[in-house]
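Chemist: got a predicted model here, sequence first, then my questions.
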Amino acid sequence: MTIVAVFNQKGGVGKTTTVLNLAAALTRRGCQPVGIDLDPQAQFSSISGILASSPDDSIYSMFQRNRPLQDLIRESPSGIRVIASHIELSKVDALYGKGYNAINRLNTSLQAEKSASGNTSWIIDCSPLVGAFP
C-alpha cells in the first residue's frame, strides 16, 4: 500500500492538479488508486465528477461516524476512484482539535484498509489551511 499526501500551506499551487494527474496516470497504467479529497472546497471531487450530496457520502463520515473508507469510494466517469469531500469537513478541527487527533484517525482508517484492499495506492489532496490537514 502506498500513501501519497500532496500538501502545501498556500492555496493555488497545484495540489489538486497534481493529485488528479497522479490518479489519472496510475489508472491508465491499470492500477486502481483512490483519491481522497480532504479539502472542504471539494475541487478534486468536483473535477472528478463526484459530488457528495450529503456529509454522509463524503470523507467527513469517516471522521464523524467512523465509516470504513471502502464504503465511501465512488468511481468517476473517467475511471478514477474517489472519496469525495464536503463543506462539513471544515468542522473537523472543531470536533477533534488541531494537530494529530484527526490525522491519526485517518491513518487508522487507512491502515485498516491495508489488509482489505491489498496494494491500493491512496493519493490525498490536502487542504491549504494550516489546521488538522496541513
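Modeler: Done, it's in.
Chemist: same for the lowest-mean-pLDDT helix or strand in the chain, what does it pack against?
Modeler: Every helix and strand in the chain was compared by mean pLDDT, DSSP states H and E; the lowest is helix 92-96, with a mean of 76. With contacts defined as 3 or more CB pairs under 8 Å, 6 or more residues apart in numbering; DSSP states H and E, helix 92-96 has these neighbours: helix 60-65, helix 100-117. C-beta: built from backbone N, CA, C; applies to glycine.
Chemist: which helix or strand lies directly C-terminal to the first one?
Modeler: Once helix 60-65 ends, the next helix or strand along the chain (criterion: DSSP states H and E) is strand 74-75.
Chemist: what does the helix or strand just after that following strand rub up against?
Modeler: Once the chain leaves strand 74-75, the next helix or strand it forms, by DSSP H and E, is strand 81-83. Contacting residues not belonging to strand 81-83 are listed as 23, 32-37, 44-45, 48, 50, 58-59, 62, 69, 72-76 [CB atoms under 8 Å, 6 or more residues apart in numbering].
Chemist: show me what the mean pLDDT comes to for stretch 76-85.
Modeler: For stretch 76-85, the mean per-residue pLDDT is 94.
Chemist: ugh, wrong one, stretch 124-134
Modeler: Stretch 124-134 shows a mean pLDDT of 69.
Chemist: looks like residue 48 contacts residue 73 (just checking).
Modeler: No - using CB atoms under 8 Å, residue 48 makes no contact with residue 73, being 11.7 Å away.
Chemist: neighbour count winner among those two?
Modeler: Set residue 48 next to residue 73 and count neighbours by other CB atoms under 10 Å: residue 48 wins out with 27 against 19.
Chemist: quick one, what contacts the more buried one?
Modeler: Neighbour list for residue 48: 20, 35, 76, 78, 80, 82 [criterion: CB under 8 Å, 6+ apart].
Chemist: centre of the chain to the helix or strand where residue 47 lies, how far?
Modeler: Here residue 47 is covered by helix 43-48, with elements defined by DSSP H and E. Its chain's C-alpha centre lies 11 Å from the corresponding centre of helix 43-48 when counted by CA atoms, centre = their mean, to the nearest Å.
Chemist: list the buried residues in it.
Modeler: The neighbour-count check on helix 43-48 (16 or more other CB atoms under 10 Å) flags 43, 44, 45, 47, 48 as buried.
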